[in-house]
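Undergrad: how would this look folded up:
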Amino acid sequence: MQYKASFLLTTLSTAVLTLTVFLGIRFMFARFHTIEGFTYSDVLLCYAVVLLSFTLAECVARGFDTFSRIIGNGEFDRILVRPRSAVLQVLGSRIEFTRFGPAIVAVCMLIYAVQNCAIDWNATRVLTLVLMILGGAAVFSGVFLLYAALCFFTLEGLEFVNVLTDGMKEHGRYPLSIYGKRVLQFCTFVVPYALVQYYPLMYLLGRGGSTWTMLLPVLASLFLIPCWLFWRFGVHHYKSTGS
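TA: Purely as a prediction, here's the structure:
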């Protein structure tokens, strides 16, 4: 924030990159009016939720995404001797306010989708939408934490984890059911993206589920627990990087 022009330009560039994805969706629906029964507004609602969730997680939990550097340069040794939680210190090591660019785009898409989707909005559905966004942020943060925990054993981060972060952000622009049964099962029982994207979306659109479906994002947030336990396991086995 000390370099305001740089901050504004970086924020603008991230927003423009996000707009290219939006244009891809727009051009798709200019040719095809529905995708497996989902309309343009339905898909925008789906993508806005995923993008906003990812942006919130990336803004706050970016320190875990760059944790391999903290391990490699020995900074984690200093973190461990400070009288504060290691998780809190890593979270505070990097806060990405430049991610407000995609967040603004996501909010605009969300406003458009809410106004144009054929949804009978009430307090329960509004709460469901809020829980979808917060639950999604928790799941993405859990994956970032899992990525950081792997660094205790590999030193360098494993790039395949990006399939679960950036990859999911890209695939999440459409309801997960369009990718097939196996993908939906993986995103339900392994990394619970579907609990914050697909099933609550179907409830909002009136295509299945009950009022209890609104609690699925809360259940998905429990994914943070095994990720945190694996982090604790890694910290317990950490032997320092040496000199």
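
Undergrad: relative to residue 170, how far out is the one residue sitting closest to the centre of the chain?
TA: The residue lying closest to the centre of the chain (CA atoms, centre = their mean) is residue 54, at 2.8 Å. Distance of residue 54 to residue 170, computed by CB to CB, to the nearest Å: 10 Å. Quick note: C-beta positions are derived from backbone N, CA and C, even for glycine.

Undergrad: in stretch 174-188, what counts as buried?
TA: 174-177, 184, 186-188 (16 or more other CB atoms under 10 Å).

Undergrad: residue 58: which of those residues is nearest?
TA: Within those, proximity to residue 58 (CB to CB) peaks at residue 187, which comes in at 19.1 Å.

Undergrad: residues touching the closest one, list them.
TA: 168, 176, 193-194, 197-198 (CB atoms under 8 Å, 6 or more residues apart in numbering).

Undergrad: just among those residues, which is most surrounded?
TA: Each of those was scored for neighbours by other CB atoms under 10 Å, and residue 197 scores highest at 29 neighbours.

Undergrad: which residue is the nearest non-sequential neighbour of residue 217?
TA: Distance criterion CB to CB, 6 or more residues apart in numbering; nearest residue to residue 217, sequence neighbours excluded, is residue 135 at 2.7 Å.

Undergrad: whoops, I mixed them up, residue 125
TA: In space, and not counting its chain neighbours, residue 125 is closest to residue 204: 5.7 Å by CB to CB, 6+ apart.

Undergrad: how about the longest helix seen in the chain: buried residues?
TA: With secondary structure taken from DSSP state H, the chain has its longest helix at helix 123-154. Buried residues in helix 123-154, counting neighbours by 16+ other CB under 10 Å, are found at 125, 128-129, 131-152.

Undergrad: pLDDT check: weakest of the contacts of residue 187?
TA: Lowest pLDDT of these: residue 168, 89.
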